[in-house]
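Q: need a structure here:
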Amino acid sequence: MTSSLRDLKVYTTYPHSCSYLEDQEATTLFVDPGQPVDQKLYSKLSVLGFRRSGNHIYRPHCSQCNACIPARIPVDEFELRRGQRRTWQRNQDLRVACTDSISDDEAYDLYHRYICLRHADGDMYPPDREQYEAFLNSVWGCTSYFRFYNNQAKLVAVAVVDRLEDGLSAIYTFFDPEEDRRSLGTYAILWQAEQARQMGLNYLYLGYWIRDCQKMAYKSDYRPLQVYRNSRWATLL
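A: Have a look, this model is predicted:
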């Protein structure tokens, strides 16, 4: 196992169409796929703004744009806003179960409906089972899958969460697109922040905040929010 970040090999992709900002090109920096990874190394890279997709660790590295900004919630300082408190109360009837896999039909069928009805204009449409498992699973032993069930034992949401040394990392959440009233995407973040606090961890990592992208700008609703700019974390004002 490589213990020093200086020993890591990293590569960049060729420029490609940006998934978030129209008419922009993106370049991605990624860690050598042959590099052995454990929770310690993964945690160090997360502190430097890296994320994972499946077993690949990456970070945006665009020469003409720095709109993708790593973001995290310091959970001990986090305070729910009025609308977030209503969402929290509205979902207290949900039961949460933790599993170590989402390879079953129940989870995939929910994912399939979510992508088709919420993200038919995105990179993950049309949904594909092989892509689903490659994107959400990892082999590093730090991933949990939290399933949210209503009173009728119906699966309404799944949160894919990684345990880091200093926090939880919210990898992806998918939910029943017909349950609009519950605001399940918001609730999943609130639940993960509370889970991190109860576990004695410091942060909930949210991935990239992008001010001018509606799909990513919502992260600034969680305050205080820390962002990683100029090689350091600071509170977003």
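Q: now what about the helix or strand bottoming out on mean pLDDT in the chain, what contacts it?
A: None of the helices or strands of the chain scores lower by mean pLDDT, DSSP states H and E than helix 214-217, at a mean of 85. By Cβ atoms under 8 Å, 6 or more residues apart in numbering, the surrounding residues in contact with helix 214-217 are 20, 207-211. (Each C-beta comes from the backbone N, C-alpha and C, glycine too.)
Q: got a ChimeraX select line for the buried ones in those residues?
A: This is how ChimeraX selects the buried members of those, with burial counted by 16 or more other Cβ atoms under 10 Å:
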select :20,207,208,209,210
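Q: narrow the contacts of helix 214-217 to those in strands?
A: Secondary structure from DSSP state E places 207-209 of the contacts of helix 214-217 in strands.
Q: pLDDT and distance to residue 169 for these - can I get that in JSON lines?
A: Compiled in JSON lines, the ones in strands among the contacts of helix 214-217 are given as follows (pLDDT from 0 to 100; distance: Cβ to Cβ, whole Å):
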{"residue": "207", "pLDDT": "97", "distance to residue 169": "8"}
{"residue": "208", "pLDDT": "97", "distance to residue 169": "12"}
{"residue": "209", "pLDDT": "96", "distance to residue 169": "14"}
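Q: possible to save these as a markdown table with distance to residue 133?
A: Formatted as a markdown table, those follow (distance: Cβ to Cβ, whole Å):
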| residue | distance to residue 133 |
| --- | --- |
| 207 | 20 |
| 208 | 23 |
| 209 | 27 |
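Q: which one of the residues you listed is nearest to residue 162?
A: residue 207 (11.2 Å; Cβ to Cβ).
Q: three-state assignment of the residue of the chain positioned farthest from its centre?
A: Centroid-distance maximum for the chain: residue 152 at 27.6 Å, with Cα atoms, centre = their mean. Taken by DSSP: H, G, I helix; E, B strand; the rest coil, the conformation at residue 152 corresponds to coil.
Q: got a pLDDT number for the spatially most central residue of the chain?
A: With distances taken as Cα atoms, centre = their mean, the residue of the chain nearest its centroid is residue 171 (2.7 Å). On the pLDDT scale, residue 171 is placed at 98.
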